[in-house]
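Colleague: I would like the atomic coordinates for the input below:
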Amino acid sequence: MNPTIKEQILAVRDTGETNMFDANAVQQIANREGFYELVCYLESHRREYSRFILTGDESETRETEPQGSGRESSGRGQSAYERTKRAVYATGNKWAIENFHATHD
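Modeller: Residues are numbered from 1 along each chain as shown. Predicted structure coming up:
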């Protein structure tokens, strides 16, 4: 978990709008607030997110988790815009894609 994701999680928490264990509601709030990094993070890092909410542990994927290898390094050399765009499209979430374009194009 990078500092941006942590900051965005805390910003959503500070709204007081939802139980932070309701990851879908957190994702909707994050999308509304323009926290697209968090929207994408929640698509593929639910365990890490839940662990952070429970314990404050910010560490990345543990050895026992099968996902995560390869995705982190595939964005090297791209701008933040391109990495975020690719991650938003990878979710297949039409709402997130529409909002990404509405705020970035």
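
Colleague: Quick one: mean pLDDT over stretch 15-23.
Modeller: Mean pLDDT, computed over stretch 15-23, is 92.

Colleague: What of stretch 35-43?
Modeller: The model assigns stretch 35-43 a mean pLDDT of 94.

Colleague: Flag every buried residue along the helix or strand that contains Leu54.
Modeller: For Leu54, the element it lies in under DSSP states H and E is helix 46-55. Buried residues in helix 46-55, counted by 16 or more other C-beta atoms under 10 Å: Glu48, Tyr49, Arg51, Phe52, Ile53. Using the backbone N, CA and C atoms, a C-beta is placed for each residue, glycine as well.

Colleague: May I see the residues you listed organised as JSON lines, with distance to Asp22 added?
Modeller: Supplementary listing: the buried residues of helix 46-55 in JSON lines, determined by distance: C-beta to C-beta, whole Å:
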{"residue": "Glu48", "distance to Asp22": "17"}
{"residue": "Tyr49", "distance to Asp22": "11"}
{"residue": "Arg51", "distance to Asp22": "16"}
{"residue": "Phe52", "distance to Asp22": "15"}
{"residue": "Ile53", "distance to Asp22": "11"}
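
Colleague: would TSV of those residues with distance to Gln28 and pLDDT be doable?
Modeller: Output for the buried residues of helix 46-55, formatted as TSV (distance: C-beta to C-beta, whole Å; pLDDT from 0 to 100):
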residue	distance to Gln28	pLDDT
Glu48	19	91
Tyr49	14	91
Arg51	21	88
Phe52	19	89
Ile53	16	87
